[in-house]
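Student: Predicted model follows, preceded by the sequence.
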Amino acid sequence: MFKVLFVTSEAHPLIKTGGLGDVSGSLPATLQSLGCDVRLLLPAYRTVLDRLTSVSPVAQLNLPQLVAPARLLEGRFPGTGVTTWLVDYPPAYDRSGGPYLDPLGQPWGDNAGRFALLARAAAAIALGQAGVSWQPDIVHANDWQTGLTPVFMKDTYPRPATVFTIHNLAYQGLFDQAELGHLGLPWSLWTPDSLEFYGRLSFIKGGLVYSDMLSTVSPTYAREIQTPDLGFGLDGLLRHRADRLVGILNGIDDKEWDPQHDSWIVRNYDAAHISAKRDNKRALQHEHGLDPDSQAPLVGMVSRLVRQKGVDLAISAVSYLLHARAQIVFLGNGERSYEDALRRLAARHPGRVAARIGYDEAAAHRIESAADMFLMPSRFEPCGLNQLYSLRYGTVPIVRRVGGLADTVIDASEPNLRAGVATGIVFDGDDANALIAALGRAMSLYRNPSRWRSLVHCGMRQDFSWRASAQHYIDLYRSARILHDHTIGKNQNPGASP
C-alpha cells in the first residue's frame, strides 16, 4: 500500500476554518485504516501547538528564503494513530488570529511566504532532503496554500507522484508579481502556462499545472469547474487536464457526527427513536430564546455568511418562514453586512428568529440534532458537509442543485417519494422565489407526518462515511503512480494556457 504525505493548511480539531479542516482531520486516518502509511503535514500555528502538546523535534529544515532553520515537530493526531508533522517557524506561524486572516479579519501580509514555506517543507520531505528516514510514494496537496508543493518538486527525478485536491476553486492564492522573486522562484515560471494568472502569481495554478493527478470534492463540481461560470478563469486549464481530473465525494466522520453517541446534544437517538429529536428541539428553543412551540417547524442554517452560501436568499425567505409559523436559527460568521442583517432580524422577531454570530462546534451539533430542516441555498458548493450531517441526524436538507449538494440529496419529487428514495428538497434557480417555493414544498411535507417520517428515515439510512471515498483516493494514488512512472525522467511540463 502507499506511503502518503498529506499536506494541508488546517485539520480539525487542531485548526479549522471550513470543510478543508474537516476533510484533513478525517481522510488521513481512514486511509491509514485501509493500509496506507500516512504522515500529515501542517504549519505549527500557535493554536495547533496549544492543542497538540506532546510533540518533539525530529529534523531541522534548512530551506531557502529563511533567515534561520525551521524545525519539523512530530506528534500524534488526536484520536488517531496518524503521525503528524508540524513545520515550526515562529516568525511565520506563532501569532494570534487565524491561519489566513489577522485579528482584524484581513489576510496576513506575508501569506505568500508563509505557505510557500509549507510547500518547501513538503517538497524537502518528499525528496529525502529533510533528514527523516521516511519518504512518501504519494504527495497529496490540498488547496492553494499547498499549491507550490509540486512546483518545488517538478525538476527532480526520481520523485514521488503528486496529487492535488481542489476544495474550493474560488480561493486561488493570488499575489503580486513581485512575490515571485521574493519566494526565490525562477522567472521562467512567469508565463500563462505556469504560475502567471492575468498579471498575478497564482499558487493554485502550481497544483493544477504540475501535479500528476487532480481531484475535487464531488463529481458534479468536477464538471462545473470546467465551465466559465464556476471555473473562475481556470476552466480552460481544467478542460485541458480533464483526463487527469476526478471528482470524489467527501465523506464525514461518522463517529464525530453520530446522533446515537453525540456528547454535545441533549438526548441521543437513532432512526428507531426519532421522537427524541423533540427533546433536542425543546432545548435548542430554550438556548436561543425561541418560543417553546413543539409544532413550529424549526429550520437551521450553519454557514459562513458569504454570498456563495446564499445567505442573502435565506434572509429574503425569513418573511415567508414567519408567515408559515416556522422558526429559524442561524449560526455563522462572515461578511459584516450579513452579520448585521441577521442581528436585526433576530431583534425584530424575538422568539421566532435567532442568530448566533461566530462559530461554535457544539452549537452546530445541537442545531443539527434539533432542527426539522436544514437550509443550504448555496450558489455553488464544491461538496458540502452539513447536508450529510443533516441526513445522519434526521434533519431534512433543503439544498440548491449544485456541486456536492446535487450528488448527495435526492429530491422529494412525487416519483421519488412513492419509490421511497427521497432524502430532501432540491431546487433550481438563484433567487429568493425559488428558495421560497422549496420551503413551501418542505412545509407541506412536514404537515403530512407519514410522508415526513419516510423522508427522514430514508435520509438516515444513507452512508456517507469516509470508507468508500478513501478507497477512491487510493485508486487515484494508483493512477498518479502509473502516470508518474510513465513520464519519469522526461521532465515534461503537462500544463497549458488557460
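Tutor: Great, that's in hand. Residues are numbered from 1 along each chain as shown.
Student: how about residue 269, what does it touch?
Tutor: Neighbouring residues of residue 269 by CB atoms under 8 Å, 6 or more residues apart in numbering: 259, 260, 275, 276, 277, 280, 369, 394. (Each C-beta comes from the backbone N, C-alpha and C, glycine too.)
Student: Restrict those to the buried ones and give me that as a PyMOL selection.
Tutor: Per 16 or more other CB atoms under 10 Å, the buried members of the contacts of residue 269 correspond to this PyMOL selection:
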select buried, resi 259+276+277+280+369+394
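Student: Show me which of the contacts of residue 269 is closest to residue 178.
Tutor: residue 369 (50.1 Å; CB to CB).
Student: hang on, that closest one packs against residue 259?
Tutor: Yes - here residue 369 reaches residue 259: they are 5.9 Å apart, a contact under CB atoms under 8 Å.
Student: what do those two both touch?
Tutor: Between them, residue 369 and residue 259 share the contacting residues 265, 269, 393, judged by CB under 8 Å, 6+ apart.
Student: Name the nearest of these relative to residue 195.
Tutor: Distances from residue 195 to the shared contacts of residue 369 and residue 259, taken by CB to CB, are shortest for residue 393, at 43.0 Å.
Student: ok, that closest one - how many residues close by?
Tutor: Neighbourhood size, residue 393 [other CB atoms under 10 Å]: 27.
Student: Let me see the contact set for it.
Tutor: Counted by CB under 8 Å, 6+ apart, residue 393 has contacts 257, 259, 368, 369, 460.
Student: now, which of the residues you listed lie within helices?
Tutor: The helices, defined by DSSP state H, take in 368, 369, 460 from these.
Student: Below-threshold pLDDT in this protein: ranges please.
Tutor: 488-498 (pLDDT under 70).
Student: Can you give me the domain assignment for it?
Tutor: By the assignment in automatic domain parsing, the chain contains the domains 3-251+467-487, 271-460.
Student: measure residue 180 to residue 113 for me?
Tutor: Separation of residue 180 from residue 113 (CB to CB, to the nearest Å): 12 Å.
Student: Quick one: residues contacting the spatially most central residue of the chain.
Tutor: The centroid of the chain falls nearest to residue 19 when counting by CA atoms, centre = their mean (2.0 Å). Residues near residue 19 by CB under 8 Å, 6+ apart: 167, 168, 217, 250, 382, 383, 384, 385.
Student: pretty sure the first one contacts residue 143?
Tutor: Right, residue 167. Yes - assessed by CB under 8 Å, residue 167 is found in contact with residue 143 at 4.8 Å.
Student: quick one: contacts of the longest helix along the chain?
Tutor: Using DSSP H to define each element, the chain has its longest helix at helix 466-487. Applying CB under 8 Å, 6+ apart, the contact partners of helix 466-487 are 1-2, 4, 26-27, 30-31, 33-34, 36, 137-138, 140, 159-163, 211-213, 215, 244, 246, 248-254.
Student: Could you export that helix as PDB, CA atoms only?
Tutor: Coordinates of each C-alpha in helix 466-487 appear next as PDB, following Å, rounded to 0.1, in the frame of the first residue of the first chain:
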ATOM      1  CA  TRP A 466     -15.100   8.200   4.600                       C
ATOM      2  CA  ARG A 467     -14.600   4.500   3.900                       C
ATOM      3  CA  ALA A 468     -15.900   4.400   0.300                       C
ATOM      4  CA  SER A 469     -14.400   7.800  -0.500                       C
ATOM      5  CA  ALA A 470     -11.000   6.900   0.900                       C
ATOM      6  CA  GLN A 471     -10.900   3.800  -1.400                       C
ATOM      7  CA  HIS A 472     -11.500   6.100  -4.300                       C
ATOM      8  CA  TYR A 473      -8.400   8.200  -3.200                       C
ATOM      9  CA  ILE A 474      -6.300   5.000  -3.100                       C
ATOM     10  CA  ASP A 475      -7.400   4.300  -6.700                       C
ATOM     11  CA  LEU A 476      -6.400   7.900  -7.500                       C
ATOM     12  CA  TYR A 477      -3.000   7.400  -6.000                       C
ATOM     13  CA  ARG A 478      -2.600   4.300  -8.100                       C
ATOM     14  CA  SER A 479      -3.400   6.300 -11.200                       C
ATOM     15  CA  ALA A 480      -1.000   9.000 -10.200                       C
ATOM     16  CA  ARG A 481       1.800   6.500  -9.800                       C
ATOM     17  CA  ILE A 482       1.100   4.900 -13.200                       C
ATOM     18  CA  LEU A 483       1.200   8.300 -14.900                       C
ATOM     19  CA  HIS A 484       4.300   9.400 -13.000                       C
ATOM     20  CA  ASP A 485       6.100   6.200 -13.800                       C
ATOM     21  CA  HIS A 486       5.200   6.600 -17.400                       C
ATOM     22  CA  THR A 487       6.700  10.100 -17.700                       C
END
